[in-house]
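Participant: sequence-free structure coming up:
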Ligand SMILES: Cc1ncc(COP(=O)(O)O)c(C=O)c1O
């Protein structure tokens with residue numbers, strides 16, 4: 001990522017307030033770590049003292065399974081002798097509903113990832129530019145400027161109503177920046193392993209009401225980023241009854257659903273509402289993408305799957321702003337419809353994720369570092385509270401700067417996820433020699 005520093009105040013003043021309000025969050029530690037990595041990237045021979053990237057949740061574990069498939073399926077691309085005759089059909093304008101085979105393939109894949117316990121209707125699949133675009137699309141459909149969604153992904157803040165501009169986390173950008181919606185964090189604590197409780201939800205909602213904020217929905221990530229945990233059945237039921245009682249939407253970001261590598265199983269909202277028959281389905285929406293489960297963030301395949309017909313219709317009109325290119329749809333449809341490839345990919349991915357998670361957490365434990373027990377995701381929620389000079393965000397940032405600039409590891413401080421307890425860090429689990437890595441960090 002190349003960042004152009006804009007020191008030209010005059011230039012900025014010519015732009016809209018919305019464009020220049022720092023809603024993107026590029027000034028946050030999350031992006032500072034990226035910049036440190038970009039300017040000095042680690043390379044085993046050319047730059048062995050460079051910064052190692054452990055802040056970017058990218059799943060590169062199973063890429064070795066893909067090239068053979070690409071070679072054996074030349075028709076999936078228009079850039080091959082076998083696919084070239086379709087070049088024109090793919091290059092011209094397409095229906096912005098998406099290719100039927102693409103929507104069928106995505107719906108089938110979403111079902112497969114959930115153990116075929118639920119079915120998804122291709123007609124409810126709406127395309128967007130990654131999950132990033134899907135979140136913005138839903139915020140636009142559900143909230144007017146000033147309305148709030150409250151979220152458990154960004155677990156937390158000292159204030160009930162956070163000023164996300166100053167924190168600039170991912171969801172601040174995705175949901176707030178261009179829609180004018182607000183985000184209100186739900187405070188979860190380490191004392192109960194950051195579980196989402198009804199009391200925490202009620203406190204957040206009450207706080208928003210007291211601040212005269214109109215809350216339109218609840219946003220969860222399940223499996224959780226940054227925790228790497230899945231929500232249990234009781235919690236899912238609590239969420240469903242809570243949003244129904246308060247007549248607010250439930251947006252479930254399930255983009256890590258195929259990264260679950262151990263028990264307990266992942267329970268999708270799609271399964272929960274099958275059991276909770278009284279649930280008003282018009283309130284339920286899923287955000288999905290292939291960025292994590294397949295490790296394809298570059299393809300920008302994002303999905304809104306809504307049970308609300310009006311949302312499907314509105315989101316579809318919006319999808320013109322972030323369509324997945326037709327060539328990508330064609331390639332992805334062929335891949336996702338290949339049962340052998342997907343079966344092998346899913347089981348191998350879970351095995352490899354489990355292995356690197358085990359190695360990493362054991363390595364941390366050997367050097368006396370705890371982490372939250374987790375069974376999903378690409379990262380570990382590491383507890384470095386003992387290493388802080390004092391329990392403040394400033395101390396967390398001081399430790400983080402040491403880790404990035406002296407130890408040369410880009411990890412993500414808890415404050416960039418709005419964690420209310422300083423000292424937690426999200427670190428990507430890594431397939432390299434973990435013993436060596438731990439000695440680099442803590443030796
Ligand atoms: C929970 C969550 N949602 C959405 C996204 C954005 O995904 P995409 O690359 O598909 O836009 C991320 C990426 O890190 C994420 O962790």
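Facilitator: Everything's here; your move. Everything numeric here is computed off the predicted structure, so don't read it as measured data.
Participant: the residue of the chain found nearest the ligand and residue 104, how far apart?
Facilitator: Nearest residue of the chain to the ligand, counting by C-beta to the nearest ligand atom: residue 130, 2.7 Å away. For the C-beta atoms, the positions are set from N, CA and C on the backbone; glycine is no exception. Going from residue 130 to residue 104 by C-beta to C-beta, to the nearest Å gives 21 Å.
Participant: so what's the residue count around residue 368?
Facilitator: 8 (other C-beta atoms under 10 Å).
Participant: my bad, should have said residue 322
Facilitator: For residue 322, the count of nearby residues is 17 (other C-beta under 10 Å).
Participant: dump the residue contacts of the nearest residue to it once chain neighbours are set aside.
Facilitator: Nearest non-adjacent residue to residue 322, counting by C-beta to C-beta, 6 or more residues apart in numbering: residue 129, 3.3 Å away. Listed by C-beta atoms under 8 Å, 6 or more residues apart in numbering, the contact set of residue 129 reads 300, 302, 321, 322, 323, 324.
Participant: and those, which of them are buried?
Facilitator: 300, 302, 322, 323, 324 (16 or more other C-beta atoms under 10 Å).
Participant: same for the ligand: which of those residues are within range?
Facilitator: By C-beta under 6 Å from any ligand atom, the members of the buried ones among the contacts of residue 129 lying near the ligand are residue 302.
Participant: of the contacts of residue 129, closest to residue 184?
Facilitator: Nearest to residue 184 among the contacts of residue 129, counting by C-beta to C-beta, is residue 302 at 23.8 Å.
Participant: helix, strand or coil for that closest one?
Facilitator: Following DSSP: H, G, I helix; E, B strand; the rest coil, residue 302 is assigned to strand.
Participant: residue 130 and residue 104: which is more packed in?
Facilitator: Per other C-beta under 10 Å, whichever of residue 130 and residue 104 has more neighbours is residue 130, with 24 against 19.
Participant: nearest residue to the more buried one other than its sequence neighbours?
Facilitator: In this structure, residue 130 finds its nearest non-sequential neighbour in residue 302, 4.1 Å apart by C-beta to C-beta, 6+ apart.
Participant: show me what contacts that neighbour?
Facilitator: Taking C-beta under 8 Å, 6+ apart as the test, what residue 302 contacts is 127-134, 287-289, 291, 322, 324.
Participant: dump those to TSV, plus secondary structure, distance to residue 206 and pLDDT.
Facilitator: Output for these, formatted as TSV (DSSP: H, G, I helix; E, B strand; the rest coil; distance: C-beta to C-beta, whole Å; pLDDT from 0 to 100):
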residue	secondary structure	distance to residue 206	pLDDT
127	strand	37	94
128	strand	33	94
129	strand	35	91
130	helix	34	93
131	helix	30	93
132	helix	30	90
133	helix	32	92
134	helix	29	94
287	strand	26	96
288	strand	31	97
289	strand	33	96
291	coil	35	93
322	helix	35	84
324	coil	40	91
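Participant: which among these gets closest to residue 398?
Facilitator: Checking those against residue 398 with C-beta to C-beta, the nearest one is residue 132 at 30.6 Å.
Participant: for that closest one, give its distance to residue 303.
Facilitator: Here the distance between residue 132 and residue 303 works out to 12 Å (C-beta to C-beta).
Participant: these two: who's more crowded?
Facilitator: residue 303 (29 against 21).
Participant: rank the helices and strands of this protein by mean pLDDT and give me the bottom one.
Facilitator: Of all helical and strand segments in the chain, the minimum by mean pLDDT, DSSP states H and E falls on helix 164-167, at a mean of 28.
Participant: and the contacts of residue 129 as CSV, adding distance to residue 228?
Facilitator: Output for these, formatted as CSV (distance: C-beta to C-beta, whole Å):
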residue, distance to residue 228
300, 24
302, 21
321, 32
322, 28
323, 32
324, 28
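Participant: run a quick neighbour tally on residue 135.
Facilitator: By other C-beta under 10 Å, 26 other residues sit near residue 135.
Participant: ignore what I typed, I meant residue 21.
Facilitator: 13.
Participant: those helices in the stretch 51-200 of the chain, which residues are they?
Facilitator: Listed in chain order, the helices of the stretch 51-200 of the chain (DSSP state H, counting those that start in this stretch) span residues 66-72, 87-91, 100-113, 130-142, 164-167, 170-171, 198-210.
Participant: need the winner for burial among these.
Facilitator: helix 130-142 (a mean of 25; mean count of other C-beta atoms under 10 Å).
Participant: what does that one rub up against?
Facilitator: Where contact means C-beta under 8 Å, 6+ apart, the residues beyond helix 130-142 that reach it are 126, 128, 149, 170-171, 173-176, 178-179, 181, 216-217, 249, 251, 253, 255, 285, 287-289, 291, 297, 300-304, 306, 311, 314-315, 318-319, 321-322.
Participant: which parts of the stretch 201-350 of the chain sit against the ligand?
Facilitator: 221, 225, 253, 255, 289, 291, 297, 302.
Participant: thinking the third one is in contact with residue 221, fair?
Facilitator: By that I understand residue 253. Yes - counting by C-beta atoms under 8 Å, residue 253 does reach residue 221; the two are 4.2 Å apart.
Participant: so which residues of the stretch 1-150 of the chain form strands?
Facilitator: In the stretch 1-150 of the chain, the strands defined using DSSP state E, counting those that start in this stretch lie at 52-53, 125-129, 148-151.
Participant: one step back: go through the helices of the stretch 51-200 of the chain and find the least confident stretch.
Facilitator: Note on those: lowest mean pLDDT is at helix 164-167, with a mean of 28.
Participant: so what's residue 413 up against?
Facilitator: By C-beta under 8 Å, 6+ apart, the neighbours of residue 413 are 29, 396, 397, 400, 424, 425.
Participant: coming back round to it: now list the buried members of the contacts of helix 130-142.
Facilitator: Neighbour counting by 16+ other C-beta under 10 Å classes 126, 128, 149, 170-171, 173-176, 179, 181, 216-217, 249, 251, 253, 255, 285, 287-289, 291, 297, 300-304, 306, 311, 314-315, 318-319, 322 among those as buried.
Participant: give me the beta-bridge partners of residue 184?
Facilitator: Beta-bridge pairing for residue 184 (DSSP bridges): residue 150.
Participant: still on that earlier bit, just among the contacts of residue 413, which is most surrounded?
Facilitator: Highest neighbour count within the contacts of residue 413: residue 425, with 30 neighbours (other C-beta under 10 Å).
Participant: no more questions from me, cheers.
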